[in-house]
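# coords below, sequence missing:
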């Protein structure tokens, strides 16, 4: 199911159920799983592995070399899971040898038009990046995060699970799980309560996360002191544990 105007390198490995639209270009080292569709004029290049049932729309650039002057053509890769939707004009790049050597994307994510995912980023599952949102290199985005339109995230920043990033936000530090961050430079605006309820979090877990958030952000304690107090005073559900461990491992510091 390859359109006659598409250019597919003989070395590319495409499942028989892959569909390739008009004028699409697929490079030598690309592997694409069954049920995936490649739209018109999309370019899939580099050492790129794409799983099953992905929809890659027209004029996307997937697997291009990194926008990193240190990159000299090394064999680095991009790995994309299953069920992702990558809308028109989105750009996703290979990793670098000075990073992890790969860019990775999980399952069931939505990248709206004009999104950018730079080299060595790691994106989990069920993430939504709205139109024009941008990730610099070496960024981690955990499951169910939401990035508003035209937001931008600084390199090496981590975005926690179930986070909501406001539209137009400039994010320069780590955003703890389950919170909302917005503004230039982004600051925290409480828990992502609507998102948590929609995702089925219990009232008890949300109450515990509220306690943990207040201790961390509003108590005036140093981070290490606040985390010790959270462990002592708040029920250690998996969500609270993840919240604490995420903050504990932060190297850039967290949004306040």
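Yep, it's here. A quick note: this is a predicted structure, and the numbers were derived from the prediction, not measured. Numbering: from 1, shown residues only.
# can you map out the helices along the stretch 51-200 of the chain?
For the stretch 51-200 of the chain, applying DSSP state H, counting those that start in this stretch gives helices covering 193-198.
# Break the protein down into its structural domains.
Per the record, the chain has its domains at 7-138, 196-248, by automatic domain parsing.
# I'd like the average pLDDT over the first one.
The pLDDT scores in domain 7-138 average 98.
# Now the terminal residues of that domain, how far apart.
Start-to-end span of domain 7-138 (C-alpha to C-alpha, to the nearest Å) is 31 Å.
# and if you look at stretch 102-118?
End-to-end distance of stretch 102-118 (C-alpha to C-alpha): 11 Å.
# of all the domains of the chain, which lies closest to residue 149?
Closest approach to residue 149 among those (C-beta to C-beta): domain 7-138, 4.1 Å. Every C-beta, even on glycine, is put in place using the N, C-alpha and C of the backbone.
# Longest helix in this structure, by number of residues?
Longest helix in the chain by number of residues (criterion: DSSP state H): helix 203-218.
# Tell me the first helix or strand C-terminal of that helix.
helix 223-233 (DSSP states H and E).
# Would you mind pulling up the elements that that next one packs against?
Applying 3 or more C-beta pairs under 8 Å, 6 or more residues apart in numbering; DSSP states H and E, we find helix 223-233 packed against helix 203-218, helix 238-248.
# Out of the ones you listed, the one nearest residue 152 is which?
Closest to residue 152 of the helices and strands packed on helix 223-233 is helix 238-248 (C-beta to C-beta; 20.9 Å).
# now the closest one: how far from the chain's centre is it?
Computed by C-alpha atoms, centre = their mean, to the nearest Å, the chain-centroid distance of helix 238-248 equals 19 Å.
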